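J.: could you work out the structure for the sequence below:
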Amino acid sequence: MMNEIDDNAFILKGKWQAFSIMNGFLFHRLLRFSLLSLIISLQGFVSAEIIDDQPIEQERGEKPTQRQGIPTLWIVGDSTVRCGTAGQRGWGEEISAHFDAKKIQVQNRALGGRSSRTFFTEGKWEAVLRELKAGDWVLMQFGHNDASPINEDPPVNASTRARGTIRSNGDETQDIINILTGKPETVHSYGWYLRHFVTTAKERGAHAIILSPVPRLVWTKEKTIQRSTDSWSLWAKQAAAQSGAPFFDLNDRLASRYEQLGPDVVKSLFADGTHTTAAGAVLSAEVVVDGLKELALAPLAETILPKKR
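T.: Prediction:
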């Protein structure tokens, strides 16, 4: 989710720099950051609604589940769960260490750049369903990329995003011609996609758990981590309640841990304002597992290893 600017936009010669604006791209970015600066000055903190511009991660060659006779914990989400960028790591890449491999196997199918909508429309969820079996578990965490635009105006460039969802848990829809695919698409709400994942998992005899999205590295003027209590976390909680799925507020719980550690320590856990380092991913995974323990979902709880002393 990093900005990519064409090399021709910058010409460097020795100690002199020539700066030019190409195709209005830089103007667009400057306008965005100017507005963001205004918000900071008026409110004293950065809004959590930051559009993630890191490049879309390409398809991964997923390995099928290896062992038969034991359940699988499937993890789906975005790059905060599994990240292909050097120096960044998602919590889903660290969570398997907390489970007894003799009792359960972990399959992390999260993919960078995906929202709940594009995980559905690109067939990523359908691919999970093809392998999902009765007794399996699905752990889902989306939200960051759902804040992107639902659609954009031409021309298409490296920063074009058409992956956003309607910001609610409602059943409203929006019909578009997707700028990236050129095809008609009916866009649903964030909560609708989560509920669809839960419902279709249950139809196969599996269990689904919804997590609110991890917080970004955004401190308020009160020295607390900004939460998505009234937006993505709320809609995730509502979707879980409506679909009958357990819910863990990872956004709030992880934010509380960050506040306990303090800004200096927490800064070292992030590679940027959104993505964690390996150490940050380890901490996030620990918080996720703590949440699963609190939910006490049998028989999943019996597969979690005792915490090392």
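J.: now stretch 128-140: buried residues?
T.: For stretch 128-140, the neighbour count (16 or more other Cβ atoms under 10 Å) marks V128, L129, L132, D136, W137, V138, L139, M140 as buried. From N, CA and C alone the C-beta is placed, and that goes for glycine too.
J.: surely the first one is in contact with L73?
T.: In other words, V128. No. Using Cβ atoms under 8 Å, V128 makes no contact with L73, being 11.7 Å away.
J.: overlap in contacts, these two.
T.: Residues within reach of V128 and of L73 at once, by Cβ atoms under 8 Å, 6 or more residues apart in numbering, are V138.
J.: for G143, which non-adjacent residue is closest in space?
T.: Among residues not flanking G143 along the chain, P213 sits closest, at 3.1 Å (Cβ to Cβ, 6 or more residues apart in numbering).
J.: wasn't that neighbour part of a helix?
T.: No. P213 is assigned coil when assessed by DSSP: H, G, I helix; E, B strand; the rest coil, not a helix.
J.: OK, contacts around it?
T.: Contacts here follow Cβ under 8 Å, 6+ apart; on that basis P213 touches T80, Q141, F142, G143, H144, S228, W232, S233, A236, L250, N251.
J.: what is the burial count for the second one?
T.: The number of residues packed around Q141, counting by other Cβ atoms under 10 Å, is 29.
J.: same thing with the fourth one?
T.: For G143, the neighbour count with other Cβ under 10 Å is 26.
J.: so, low pLDDT: which residues of the chain?
T.: For the chain, the stretches flagged by pLDDT under 70 are 1-66.
J.: one more pass at 80, please.
T.: Scanning the chain for pLDDT under 80 picks out 1-67, 309.
J.: where along the chain do the strands fall?
T.: 10-13, 16-19, 72-77, 105-108, 137-141, 174-177, 184-187, 207-211, 247-248 (DSSP state E).
J.: would you turn those strands into JSON lines with distance to D264?
T.: What follows is the strands of the chain, written out as JSON lines (distance: least, Cβ to Cβ, whole Å):
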{"stretch": "strand 10-13", "distance to D264": "33"}
{"stretch": "strand 16-19", "distance to D264": "34"}
{"stretch": "strand 72-77", "distance to D264": "28"}
{"stretch": "strand 105-108", "distance to D264": "30"}
{"stretch": "strand 137-141", "distance to D264": "27"}
{"stretch": "strand 174-177", "distance to D264": "43"}
{"stretch": "strand 184-187", "distance to D264": "41"}
{"stretch": "strand 207-211", "distance to D264": "27"}
{"stretch": "strand 247-248", "distance to D264": "28"}
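J.: and the gap between the closest residue to L129 other than its chain neighbours and L180?
T.: In space, and not counting its chain neighbours, L129 is closest to T200: 6.0 Å by Cβ to Cβ, 6+ apart. Look at T200 and L180: by Cβ to Cβ, to the nearest Å, they are 25 Å apart.
J.: repeat for S243
T.: Using Cβ to Cβ, one gets 29 Å for the distance from S243 to L180.
J.: same thing with V266?
T.: According to Cβ to Cβ, V266 and L180 sit 35 Å apart.
J.: between those two, which is the more surrounded one?
T.: For V266 and L180, the more surrounded residue by other Cβ under 10 Å is V266, and the numbers stand at 20 against 15.
J.: residues in contact with the closest residue to the more buried one other than its chain neighbours?
T.: Nearest residue to V266 in three dimensions, chain neighbours excluded: Y258, at 4.7 Å (Cβ to Cβ, 6+ apart). Contacts for Y258 (Cβ under 8 Å, 6+ apart) come out as P215, I225, V266, L269.
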